[in-house]
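1. Turn this into a structure:
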Amino acid sequence: MPVNGLGHIGFYVQDLELMKDFYLNFIGMKLTKVSAGGAFFSADPEACDHEIAMMVGRPSLDDPHWIQQISMRVDTLDDLRDFKRRIDEKGYKIDRIVTHASAIGCYFRDPENNPVELFWLTGHTSWAQISIPIVLEQSDEAIMVEVDRAFDVSRHVELGKPPTPEIADAIRALREEAVATS
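-> The predicted model follows:
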């Protein structure tokens, strides 16, 4: 099954505040997710929680390596599993597979080492930048238990606002627990 469309692009920035101001005030997009290290924007948050993901990490404006990721949607969890199987068969490097509460993403490298994400939308709306390791070989039910748990921890993060320190600590604890058990 092929992807169903471009989900978003991600790129590295040097000056996050300058770039947030540009996409928010000049371009007119809505800031949907934000942290000290990144910002996500959407033209229509009701339809798509982000179309641009920018992360701090570009060492200089002359650095040509600015792509953080190219993300594409798939229709079903089984489509994501099928892509993972095919990625493994081809020997492409998988960086991580995680739940963002709103989606499950499989991050890997294309043949020229460009970062690619394939993701499936879970049905939850989450405004937190959350990334919890998850194993796709589990049953749908087991995966959704983990997704729901991530959503329960992050569900009170407001559009365009960073999580409270308590929620940030709960997200960190959930990530550490997932890493320890995987």
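2. show me where this structure has strands.
-> 5-13, 30-35, 38-42, 52-56, 67-73, 94-99, 103-109, 115-121, 132-133 (DSSP state E).
3. Please identify the deepest-packed of the ones you listed.
-> strand 38-42 (a mean of 23; mean count of other C-beta atoms under 10 Å). The C-beta positions use only the backbone N, C-alpha and C, and glycine is treated the same way.
4. now that one, how far from the centre of its chain.
-> 11 Å (C-alpha atoms, centre = their mean, to the nearest Å).
5. Pull up the pairing partners for it, direction included.
-> strand 30-35 (antiparallel), strand 52-56 (antiparallel) (DSSP bridges).
6. Now the last one: average pLDDT?
-> Strand 52-56 carries an average pLDDT of 92.
7. Closest to the centroid, which residue in this structure?
-> residue 100 (5.9 Å; C-alpha atoms, centre = their mean).
8. Excluding covalently adjacent residues, which one is nearest to residue 59?
-> residue 14 (7.5 Å; C-beta to C-beta, 6 or more residues apart in numbering).
9. Around that neighbour, count how many other residues there are.
-> 14 (other C-beta atoms under 10 Å).
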